[in-house]
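Enquirer: Just to be clear, the model below is a prediction. Sequence and coordinates:
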Amino acid sequence: MFQDRLQQILLPALLAGFRELYGAAPDAEKIGFQPTRPEFEGDVTINVFPFLKLSGKGPEQTANAIGDHLVKHVEAVERFNVVKGFLNIVIADAYWAGFLHEASGTDLLRFPATGRKVMVEYASPNTNKPLHLGHLRNIFLGYSVSRILQAAGNQVVKVQVINDRGIHICKSMVAWRKFGNGETPESSGLKGDKLVGKYYVEFDKALKAEVKALEAKGMAPEEAAKTAPILREAQEMLRQWEAGDPQVRALWERMNGWVYAGFNATYARAGVDFDKNYYESETYLLGKEDVLKGLEGGVFFRKADGSVWVDNTAEGLDEKVLLRADGTSLYMTQDIGTAIKRFEEYPGLSRMIYTVGNEQDYHFKVLFIILKKMGLAWADGLFHLSYGMVDLPSGKMKSREGTVVDADDLMDEVVAEARATGEQLSKLDALGTAERDALFEMIGLAALKYFLLKVDPAKRMLFDPKASIDLQGHTGPFIQYTYARIRSLLRKAEEVPVDGRRLAGQQVQPATANYQLLPEEKAVLKLLHQFPAVLNESATKLEPSALANHAYEVVKAYNAFYQSVPVLKEEDPAKQAFRLRLSSTVAAATSRALWCLGIEAPERM
RNA sequence: GGUCCCGUAGCUCAGCUGGAUAGAGCACCUGCCUUCUAAGCAGGCGGCCGUUGGUUCGAAUCCAACCGGGAUCGCCA
């Protein structure tokens, strides 16, 4: 159980109290600390209902006795009140001030090194078409999770699998050779992945035309779909590729090269990167040996036709084929081999996280069971970071119907929206063109990333383009705005002498001991105080949305503070120093939280 | 049909390791820029937490069934 700074103080005292009063302490896990609801006085609430058997007393009596004990033994506990079975504890202002003092000197959202190494896989595109909105959810999720794990003290290895071989790329290659007239990204000005995607579509068109023609001649539809010459051609090309035909390989490398250039441009703009790429062309033969070894070990079994299977019926699943009768392997085989290879290449990995859509839930369930059955010690550290599809207001994205939202186009749109709003507000006139461009890029992407990350990954989500470029309310830009505002405040505090004295925070000791917190200050401090626990939660559950939502809560509270409490205009230097420190700590934590989400924090906006 | 995921305000989502009168944002309405950035703040409107049962002192939260939406059940990837 993760204990925040306050729980570390309260819990032992609480347990001691129970022991002293009732001769026995409850299970520490059973004690739930929760924030006191705003309609009651207090900061932390403990519900004593679960402990009535232990105390043998009524709820009020128990809560009062425990409350008395805490007040007596814990300095941070100022007073308490009891409502029904709820013990509402008021924490002394000095505690919060002390917390701020401590937090301002450290990074709230950076945990000590755990010594653990974790691999996170995300993106994993096919090389026959450009990246789209679905990839963006995947990429932002995976990237954010890797950053969160890093912040939580882990060493992280970011990888992607590039599905660079197979019938899909052969289709693009055939169409390009037939209809391309030597078109290249340079000659056409098209981004490489777009160009290759264009020929994938061309292939599909040609195939459909051929099928139609065959049907017109009286061929059955299924038959026609299988025998269309252009499809045969693609299949033949795949065989040639596998045989290592130099011309096919050369074309394949050339076209994939175009695609990688395109992908890299998209990744760069999206602000994500990888430590290592795994190419399917290099891994698709892996796993066969491992499966055969498993067969010898009795983990798998062979059927009469010679195919090799795993029996997962005991786990409530089915039998699954791992090697065909002719000895060739399958997707599952490949994934087995790739996982083993990765753990060999990165010894000491304690976890491996696959960011893959929930349509593959079953696949990963089976994969993990197999690896466990093979006796691989690390199999328990495997995790499928599953996420739901992204729907459009018009329904599902379908490539065949052309309703797919292209990743590059989408980024253009959100940035354009940020620009339109920014220019309308016209408070950035002092900035140069390059600076403004960079800023709009930052804001637009923040809107997009936050929109995709604030939702629980498990849930299918609706992508409303209009809402995603919203810059107000519960959005990434709102958080950035608060950060920029604080930075501006802090710059002024350092640069601008007010009433003849400079306001740099260090020059005056912030109030601590007898400081009376304003409700607005306390609200911010309490949320700041929860930040590490939320990071821990996000890191444990591999779920950026918790952190995303909390970051919003923090800046929302800060905005309320900012609106009604003077900082630079405060005349009492100790109070002013306290508020500056509060502001700078919020700014630091906010930029760290944004960093964990893969979002940049602007100095002004 | 089997298995898995999801169902909370008009819309998009939090809350789900059980706790007090269920929260945000958007939209709509009212106020607030001679004061540190109004991409902001304050307030209003808006709910049978899919339905029914069960467990419990207590259920949006746990269990079961049902309804609705989706995914998956290839010797495809």
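Expert: Okay, I see it. Computed from a predicted model, the values in this text were never measured in an experiment.
Enquirer: switch to C-alpha atoms for all contacts and neighbour counts from now on
Expert: Fine.
Enquirer: my read is residue A:156 is in a strand, agree?
Expert: Yes: if the criterion is DSSP: H, G, I helix; E, B strand; the rest coil, then residue A:156 is within a strand.
Enquirer: Could you find the closest non-adjacent residue to it?
Expert: residue A:118 (4.9 Å; Cα to Cα, 6 or more residues apart in numbering).
Enquirer: just checking, the one you found touches residue A:153?
Expert: No: between residue A:118 and residue A:153 there is no contact under Cα atoms under 8 Å: 10.5 Å.
Enquirer: And these two? Which one has more around it.
Expert: A side-by-side neighbour count of residue A:118 and residue A:153, using other Cα atoms under 10 Å, places residue A:118 first with 22 against 19.
Enquirer: Could you check how far that one is from RNA strand B?
Expert: Taking Cα to the nearest atom of the strand, to the nearest Å as the measure, residue A:118 falls 24 Å from RNA strand B.
Enquirer: Could you spell out the sheet neighbours of whichever strand or helix holds that residue, each with its direction?
Expert: Counting by DSSP states H and E, the element that carries residue A:118 is strand A:117-121. Partners of strand A:117-121 in the sheet, by DSSP bridges, are strand A:155-162 (parallel), strand A:349-357 (parallel).
Enquirer: quick one: contacts of stretch A:281-300?
Expert: With Cα atoms under 8 Å, 6 or more residues apart in numbering as the test, stretch A:281-300 has contacts from A:163-165, A:301-302, A:308-311, A:322-323, A:328-329, A:331, A:333-338, A:373-374.
Enquirer: got a list of what residue A:458 touches?
Expert: A:358, A:386, A:387, A:388.
Enquirer: Confirm that the second one sits in a strand.
Expert: This points to residue A:386. Yes: under three-state DSSP, residue A:386 sits within a strand.
Enquirer: Next, count neighbours for residue A:220.
Expert: Residue A:220: 12 neighbours (other Cα under 10 Å).
Enquirer: Show me the strands in the stretch 201-350 of chain A, by range?
Expert: Assigned by DSSP state E, counting those that start in this stretch, the strands in the stretch 201-350 of chain A fall at A:276-279, A:301-302, A:308-311, A:319-323, A:349-357.
Enquirer: cool, chain A as well?
Expert: A:33-35, A:44-47, A:77-83, A:86-91, A:117-121, A:155-162, A:276-279, A:301-302, A:308-311, A:319-323, A:349-357, A:382-387, A:390-391, A:461-462 (DSSP state E).
Enquirer: which stretches of chain A aren't confidently modelled?
Expert: When residues are selected by pLDDT under 70, those of chain A lie in A:1, A:496-509, A:511-513.
Enquirer: And it, what are its domain boundaries?
Expert: Per automatic domain parsing, the structural domains of chain A span A:5-91, A:166-268, A:421-596.
Enquirer: State the distance spanning the first to the last residue of the last one.
Expert: When you say that, I think you mean domain A:421-596. Terminal residues of domain A:421-596 lie 26 Å apart, using Cα to Cα, to the nearest Å.
Enquirer: ok now it, how far from the chain's centre?
Expert: 20 Å (Cα atoms, centre = their mean, to the nearest Å).
Enquirer: Does stretch A:515-522 reach RNA strand B?
Expert: No: Stretch A:515-522 does not reach RNA strand B (Cα under 7 Å from any atom of the strand); its nearest approach is 8.8 Å.
Enquirer: CA atoms of that stretch as PDB?
Expert: Included here for stretch A:515-522 are C-alpha records, laid out as PDB according to Å, rounded to 0.1, in the frame of the first residue of the first chain:
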ATOM      1  CA  TYR A 515       0.700  30.900   9.300                       C
ATOM      2  CA  GLN A 516      -3.000  30.900   9.000                       C
ATOM      3  CA  LEU A 517      -3.800  29.200   5.700                       C
ATOM      4  CA  LEU A 518      -6.500  30.700   3.600                       C
ATOM      5  CA  PRO A 519      -9.000  28.100   2.300                       C
ATOM      6  CA  GLU A 520      -7.800  28.700  -1.200                       C
ATOM      7  CA  GLU A 521      -4.200  28.000  -0.200                       C
ATOM      8  CA  LYS A 522      -5.200  24.900   1.700                       C
END
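Enquirer: Contacts for that stretch, please.
Expert: A:93, A:94, A:96, A:97, A:557, A:558, A:560, A:561, A:565, A:582.
Enquirer: mind giving me TSV with those residues and columns for neighbour count and distance to RNA strand B?
Expert: Formatted as TSV, these follow (neighbours: other Cα atoms under 10 Å; distance: Cα to the nearest atom of the strand, whole Å):
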residue	neighbour count	distance to RNA strand B
A:93	20	19
A:94	19	22
A:96	21	19
A:97	24	19
A:557	19	7
A:558	25	8
A:560	14	4
A:561	21	7
A:565	15	5
A:582	22	12
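Enquirer: and the residues you listed, which two are the farthest apart?
Expert: Farthest-apart pair in these is A:94 and A:560; separation 22.0 Å (Cα to Cα).
Enquirer: which parts of the stretch 1-150 of chain A sit against RNA strand B?
Expert: So far as Cα under 7 Å from any atom of the strand goes, the stretch 1-150 of chain A lies against RNA strand B at A:36-37, A:39-40, A:45, A:47-50, A:83-84, A:86-88.
Enquirer: out of those, which are buried?
Expert: A:36, A:45, A:47, A:48, A:49, A:86, A:87, A:88 (16 or more other Cα atoms under 10 Å).
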